[in-house]
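Chemist: Next one to model:
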Amino acid sequence: IKAATDSEWTHVGVVFKRENQWWVLEAVQPVKYTKLEDFIKRAPKSFHARRLKDSSAITPECLALAHTWGAQQLNKNYDLKFLWDDEKLYCSELVWKIYKHGTRIKSCEPKTFQAYFLQNPKVSKIIQARYGSLEDFPKNGPVVAPSDLAKSVLLEEVPRRLQKK
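Modeler: Numbering: from 1, shown residues only. Below is the predicted model of the structure:
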């Protein structure tokens, strides 16, 4: 992901409050809920949270829709081919679609694979391994990377709280 996007952002999830605890719904293998503290422990120095700048879009009805759609994705396999369907999901696709299903907002515009650095030798090697050849790779297929979500003009950084000692 770093090589294809030239970005430090490689993984995303959606933070939800469930049963008075904070959880991250993430597309790993499989799609699952992870305790927020465990999610942060994986990369404490690079963890950042972002939210919609216009919080009026997050109504109780929207949250319910997002929770419901997200719960329907649980246990789906991780999508190593980054295809834009719901059979399997990759992390930024899951986040983008939760926003879309919950609020009807596109958190960013999907790009095509061609928008990324496909000529990078690491990226080309993975494409060939996953698709068999560059010709079988859907270069015009829609895709959203973690870096696209991080750059979204609709989202803002959530200030970090100081930990109590």
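Chemist: Next, the contact list for the nearest residue to Trp96 once chain neighbours are set aside, please.
Modeler: Excluding the flanking residues, the one nearest Trp96 by Cβ to Cβ, 6 or more residues apart in numbering is Val144, at 4.7 Å. All C-beta atoms are positioned from the backbone trio N, CA, C, and that covers glycine. Counting by Cβ atoms under 8 Å, 6 or more residues apart in numbering, Val144 touches 92-93, 95-96, 108, 110-111.
Chemist: again, but for Val123
Modeler: Listed by Cβ under 8 Å, 6+ apart, the contact set of Val123 reads 3-4, 116-117.
Chemist: quick one on the thing from earlier: farthest-apart pair in the contacts of Val144, please.
Modeler: Using Cβ to Cβ, these span at most 14.9 Å, a distance reached by Val95 and Lys111.
Chemist: what about the two, which has more around it?
Modeler: Using other Cβ atoms under 10 Å, the more surrounded residue of Val95 and Lys111 is Val95, with 24 against 15.
Chemist: How about that one, nearest residue that isn't a chain neighbour?
Modeler: Among residues not flanking Val95 along the chain, Val12 sits closest, at 4.9 Å (Cβ to Cβ, 6+ apart).
Chemist: ok, so what distance separates the residue nearest to Trp96 from Pro159?
Modeler: In this structure, Val144 and Pro159 are 25 Å apart, going by Cβ to Cβ, to the nearest Å.
Chemist: ditto for Val24
Modeler: Separation of Val24 from Pro159 (Cβ to Cβ) stands at 18 Å.
Chemist: When these two are compared, which one has more neighbours?
Modeler: Using other Cβ under 10 Å as the criterion, Val24 and Pro159 rank with Val24 on top: 20 against 7.
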